[in-house]
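A.B. asks: Just to be clear, the model below is a prediction. Sequence and coordinates:
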Amino acid sequence: MYSIATTQVWVNDQDEALEFYTEKLGMRVRADITLPELGDFRWLTVSPAGQPEVTIVLMAIPGEPVIDDEAGKQLRALMAKGVVSAIFLTATDVHATYEDLKSRGVPFDAPPTEQPWGIDCAFRDPSGNNFRLAQLAEVPAGV
Amino acid sequence: MMKIATAQVWVNDQDEALAFYTEKLGMEVRADVTMAEMGDFRWLTVSPAGQEDIAIVLMAIPGAPVFDEDTANAIRELTAKGAAGSVFLVTDDVYGEYETLKSRGVEFVDPPEERPYGIDCGFRDPSGNHFRLTQITEL
């Protein structure tokens, strides 16, 4: 069998991202490896304390030949709009986590609000990636 | 404290994706909830057996008013190129897993090969999303 090891975000600047994910979100660095044999490709991953088995890959947007210029431009435009993808983070106490992250400078759109799936708020990272932070409601059986 | 709960892929067709992820990849459905109060938004997630704390969200690309046509088209194009992002799957036995998935009809773009970080192969889902399946070498 296999397991899911990563979820990825594209970032404009890996050092800027590293600072945001560690200092503001409080995540731990799980890998920071530069591979000279792969053109100095830098594999940079972070995840919350207590969750070392799954990480967020902070991936720099490569140029040609991996990603052509047009695709690179499209990606940056979508990132700036916050629509490349969303990652869900769950918290056992969303109000406390919200206050903690906000005090460290994480830019939330609005305080947590009740949604059909739980109590939920959202923020974006410096590259525009969209995150939802949710305290999930117990879904009744059969829904 | 918080935890990472999802990795997302954009899909062209949720039913096609569901068939691929369950029948070919052998994942289990974690949620399949359609919310009438949100314009029939369908929250569809899957993950491997034994890994219930994280799931892959098979997200349909929404149309207007959520995404304008240019945005939706750009997402479809990038996904088709495999440039929307990658998900890494890890295994203790990459050759065995490769043969199993291949026999179920998963089309690999790279067979298992030695890399600096381990033995690694790659496949794409029906929408173009890029997956790596890796047996990691201890560095």
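C.D. replies: Here it is on my side, so go on. Keep in mind that what you see is a predicted model, and the values were worked out from it rather than measured.

A.B. asks: so what's residue 6 closest to, chain neighbours aside?
C.D. replies: Using chain A. Nearest non-adjacent residue to residue A:6, counting by CB to CB, 6 or more residues apart in numbering or on different chains: residue B:88, 4.2 Å away. C-betas here are computed from N, CA, C, even on glycine.

A.B. asks: that's the other chain; I wanted chain B
C.D. replies: Closest to residue B:6 by CB to CB, 6+ apart is residue A:88, at 4.2 Å.

A.B. asks: Then residue A:136?
C.D. replies: Leaving aside its chain neighbours, residue A:136 sits nearest to residue A:118 (4.2 Å; criterion: CB to CB, 6+ apart).

A.B. asks: measure the one you found to residue A:94 for me?
C.D. replies: In this view, residue A:118 and residue A:94 are 8 Å apart by CB to CB, to the nearest Å.

A.B. asks: what touches both of those two?
C.D. replies: A:134, A:135 (CB atoms under 8 Å, 6 or more residues apart in numbering or on different chains).

A.B. asks: Could you check which of those two is surrounded by more residues?
C.D. replies: Neighbours were counted for residue A:118 and for residue A:94 using other CB atoms under 10 Å in any protein chain shown; residue A:94 has more, 21 against 17.

A.B. asks: How about the more buried one: what's its closest non-neighbour residue?
C.D. replies: residue A:135 (3.7 Å).

A.B. asks: burial measure for that neighbour, as a count.
C.D. replies: When counting by other CB under 10 Å, one arrives at 20 neighbours for residue A:135.

A.B. asks: Sticking with the closest residue to chain A within chain B, tell me its helix or strand.
C.D. replies: Nearest residue of chain B to chain A (CB to the nearest CB) works out as residue B:7 at 3.4 Å. Remark: residue B:7 resides in strand B:6-11, with elements defined by DSSP states H and E.

A.B. asks: for chain A, what spans make up the strands?
C.D. replies: With DSSP state E, the ranges of strands along chain A come out as A:2-4, A:6-11, A:28-35, A:41-47, A:55-60, A:86-91, A:113-115, A:118-124, A:130-136.

A.B. asks: Packed most tightly, which of those would that be?
C.D. replies: Stretch with highest mean neighbour count among these: strand A:6-11 (a mean of 24; mean count of other CB atoms under 10 Å in any protein chain shown).

A.B. asks: And residue A:67, how close does it get to chain B?
C.D. replies: To chain B, residue A:67 is 5 Å away according to CB to the nearest CB, to the nearest Å.

A.B. asks: you'd agree that residue is up against residue B:84?
C.D. replies: No: using CB atoms under 8 Å, residue A:67 is not in contact with residue B:84, being 10.6 Å away.

A.B. asks: which residues sit against stretch B:34-44?
C.D. replies: Residues outside stretch B:34-44 that contact it (CB under 8 Å, 6+ apart): A:116-117, B:14, B:17-18, B:29, B:31-33, B:57-60.
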